[in-house]
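Enquirer: The following comprises the amino acid sequence and a computationally predicted model.
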Amino acid sequence: MKLLVLGGTEFVGRAMAEEALAEGWEVTVFNRGNHPAPAGALALKGDRTAQGGLDALREGEWDAVVDTWSGAPRAVRDVARLLADRAGRYAYVSSCSVYPFPAPRGNDEHGAVVEGSPDEGQRDYARDKRGAELAAVGAFGAPRTLLLRAGLILGPYENIGRLPWWLGRIAKGGDVLAPGPQALELQYIDARDLARWTLHALRTQLHGPYNLVSAPGHTTMGELLDTCLAVTGSDARLHWTDPKVVTDAGIEPWTGLPIWLPPGEMHEAIHQSDTSKALAAGLRCRPVAETVQDTWEWLCGIGGVAPQRPDRPVVGLDAEAEAAVLNR
C-alpha cells in the first residue's frame, strides 16, 4: 500500500511512518523539513499554513493518508479537500479531548463531543481536534474516514516530555516524590501500538471514531515508577505520598507530576475510558516494561534530553517544590 503521512518525522507521525515501512508499505512524508524523514521514506517539503505550502501535494496518489495535525482545523480542511480524489482513505489522529471534560467514567465513542468547525483558525485543543475531525469527514465522507481518538500517548520519540521527565528524574536518584496511591490505574497507548493498529484499520477499511488507548488498568502508577527504577538502574527512593498532600502543596496534576491525576473525576476522564470497540477490532497494547525500556534507550541515545514541542507546556516539577513536599 502507498501511504502519505502528513508529518512523519516526530513522535506519532514518525511511529506511523516507521511501522508502515517495516510492513513493506511505500511511504511518503510531507512536512516543513525541520527533521529528517525515516530511512526509506520519500520526503516532500511544504508548510500547510503558508500560501502555496501544499504545492508538493498537488500530484500523486495514495491508498491512505495519516494526519497528525493539532492546530487550526482549516489546515486539515484544505489538505483533505486537495487529496480527496487522489487518496483512498483518511486517518486523522484526533483525541479523547473532543469529549467535554470531564468525560464520565467508561465514556465510549457515543459520548457527546465539543463543538467545532472545519473552517476555524486555531482556538483551543479540544475544539481544534473536533473541527479537524469534521474537516476530514467533510472532504472524504464518513465511510472513508478513520478518527483516531487517542488518549495519553507514550513511547520513544515522545516530544511532550511526560515519560522522559519521570525517567530523567528517577535516573537522577535521591528522594523522589511519588504521587499515590500506588495502585492508581493508568490508561495510555504506546505510539507504536497506535501506529500498528492504524495500519490494520486502513487495510481492513475500518471507519468512524475509535477510542485508541489501552484497557483501563493496563498498568498502575506504582508499576510505572518501579519500572522506571528498574530500567534506569537508579538508587532513587520513591516516597509515596497521599494525593491530598500533593494537591494541597499547589502541585498541578498532569503537568507538575506528568501522567498522574488524583482519584476522582479527572482521573476517570483520562484513565477510565471505554476502549472495547478498538480492542474488539484488534488493538493490542505492549507491556509497560517494554514502553519504558525502549523510551529510556532512545533517551540515552540522544543524550538524555528529550525534544520539546514548542506548542505544548514544559512538564515536570522543579527540585525546590519537590523538596518542600518531601520535607513535610
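Expert: That came through, no problem.
Enquirer: Going by C-alpha atoms from here, please, whenever you check contacts or count neighbours.
Expert: OK.
Enquirer: Residues in a beta bridge with Ala64, which ones?
Expert: Leu3, Arg89 (DSSP bridges).
Enquirer: Distance check, Glu320 against Ile251.
Expert: Here Glu320 is placed at a distance of 12 Å from Ile251 (C-alpha to C-alpha, to the nearest Å).
Enquirer: Please identify which of the two sits among more neighbours.
Expert: Ranked by neighbour count (other C-alpha atoms under 10 Å), Glu320 and Ile251 place Ile251 first, with 17 against 9.
Enquirer: now the more buried one, what's its secondary structure?
Expert: The three-state label given to Ile251 by DSSP: H, G, I helix; E, B strand; the rest coil is coil.
Enquirer: residue contacts, it?
Expert: Contact analysis of Ile251 by C-alpha atoms under 8 Å, 6 or more residues apart in numbering lists Leu257, Leu317, Ala321.
Enquirer: which one of those has the most neighbours?
Expert: Neighbour counts for these peak at Leu257, which has 22 neighbours (criterion: other C-alpha under 10 Å).
Enquirer: surely that one meets Asp318?
Expert: No - contact criterion C-alpha atoms under 8 Å: Leu257 and Asp318 do not qualify, at 10.0 Å.
Enquirer: Report pLDDT for Ala135.
Expert: Note for Ala135: predicted pLDDT of 98.
Enquirer: Tell me the bridge partners for the spatially closest residue to Val137 that is not a sequence neighbour.
Expert: Leaving aside its chain neighbours, Val137 sits nearest to Thr145 (5.9 Å; criterion: C-alpha to C-alpha, 6 or more residues apart in numbering). Per DSSP bridges, the residues bridged to Thr145 are Tyr90.
Enquirer: And Thr145, how close does it get to Val66?
Expert: Distance of Thr145 to Val66, given as C-alpha to C-alpha: 10 Å.
Enquirer: Quick check: neighbours shared by these two?
Expert: Common neighbours of Thr145 and Val66 (C-alpha under 8 Å, 6+ apart) are Tyr90, Ala91, Tyr92.
Enquirer: Output those residues in a markdown table; the columns should cover neighbour count.
Expert: Below are the shared contacts of Thr145 and Val66 laid out as a markdown table (neighbours: other C-alpha atoms under 10 Å):
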| residue | neighbour count |
| --- | --- |
| Tyr90 | 28 |
| Ala91 | 27 |
| Tyr92 | 27 |
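Enquirer: Turn those residues into TSV, columns for pLDDT.
Expert: TSV is the format used below for the shared contacts of Thr145 and Val66 (pLDDT from 0 to 100):
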residue	pLDDT
Tyr90	98
Ala91	99
Tyr92	98
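Enquirer: what ranges of this structure fall below the confidence cut-off?
Expert: The chain contains no residues with pLDDT under 70.
Enquirer: give the contact list for the spatially most central residue of it.
Expert: When C-alpha atoms, centre = their mean is applied to the chain, the residue found nearest the centroid is Ile153 (3.5 Å). By C-alpha under 8 Å, 6+ apart, the residues touching Ile153 are Tyr188, Ile189, Asp190, Ala191, Val213.
Enquirer: can you pull out the helices in this structure?
Expert: Assigned by DSSP state H, the chain shows helices spanning 11-22, 73-83, 125-140, 162-172, 191-203, 221-232, 243-248, 265-271, 276-280, 288-301, 319-327.
Enquirer: gap between the residue nearest to the centre of the chain and Glu19?
Expert: Counting by C-alpha to C-alpha - Ile153 and Glu19 are separated by 16 Å.
Enquirer: quick one: contacts of stretch 268-283?
Expert: Contacts of stretch 268-283 with the rest of the structure, by C-alpha under 8 Å, 6+ apart, involve 101-108, 151-152, 185-188, 193, 197, 210-216.
Enquirer: These in strands, which ones?
Expert: Glu185, Leu186, Tyr210, Asn211, Leu212 (DSSP state E).
Enquirer: Of those residues - the most surrounded one?
Expert: Leu212 (31 neighbours).
Enquirer: Please report the distance of it from Val314.
Expert: In this view, Leu212 and Val314 are 24 Å apart by C-alpha to C-alpha.
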